[in-house]
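Visitor: okay, structure incoming, though there's no sequence with it:
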């Protein structure tokens, strides 16, 4: 089992940057594929990005490609989401999630993830 705690959210103007962090407990962090999701008020939780166990492979939803970068540090039990060129439509609560399935592929759907953080609010003003 793993516990996840997000941090780094806040209020930023359009065009600005934020770096979200997700700290994980437990000794088996490197065995989890990790993902970030976001949820705006009144909307479903949507996939943002995911990273493989080693960190060598990442996948992004089209709307954030070229602006967001996901990385992980298995020695520190952490994943990071660097968000640049933020837009008002990026405003949402951002969640870190862990997938402990044995499959090699990265999952895009929330129900495929087993553990979730409490979320951190990102607000982008125009």
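Guide: Yep, it's here. Everything quoted here is computed from the prediction, not taken from an experiment.

Visitor: not counting its neighbours along the chain, what's nearest the spatially most central residue of the chain?
Guide: What sits nearest the mean C-alpha location of the chain, by CA atoms, centre = their mean, is residue 36, with 2.2 Å. Nearest residue to residue 36 in three dimensions, chain neighbours excluded: residue 48, at 4.3 Å (CB to CB, 6 or more residues apart in numbering). From N, CA and C alone the C-beta is placed, and that goes for glycine too.

Visitor: what comes up buried for the helix or strand encompassing that neighbour?
Guide: Applying DSSP states H and E as the criterion places residue 48 in strand 46-51. Within strand 46-51, the residues scored as buried using 16 or more other CB atoms under 10 Å are 47-51.

Visitor: ok, back up a step: distance of the residue nearest to residue 36 from residue 75?
Guide: Residue 48 sits 24 Å away from residue 75, going by CB to CB, to the nearest Å.

Visitor: and what of residue 37?
Guide: Separation of residue 37 from residue 75 (CB to CB): 25 Å.

Visitor: and what of residue 69?
Guide: Counting by CB to CB - residue 69 and residue 75 are separated by 19 Å.

Visitor: more neighbours: those two, which one.
Guide: Shown here are residue 69 and residue 75; by other CB atoms under 10 Å, residue 69 has more neighbours (15 against 8).

Visitor: what's near enough to touch that one?
Guide: Residue 69 makes contact with 58, 81-82, 84, according to CB atoms under 8 Å, 6 or more residues apart in numbering.

Visitor: before we move on, what about residue 24?
Guide: Contacts of residue 24 by CB under 8 Å, 6+ apart are 2-5, 32, 77-79, 98.

Visitor: where do the strands sit along this structure?
Guide: Here the chain has its strands, by DSSP state E, at 4-7, 10-13, 18-24, 33-39, 46-51, 58-60, 68-73, 78-83, 92-99, 115-116, 120-125.

Visitor: so in terms of bridging, what pairs with residue 78?
Guide: Per DSSP bridges, residues listed as beta-bridge partners of residue 78: residue 23, residue 73.

Visitor: thanks again, I'm all set now.
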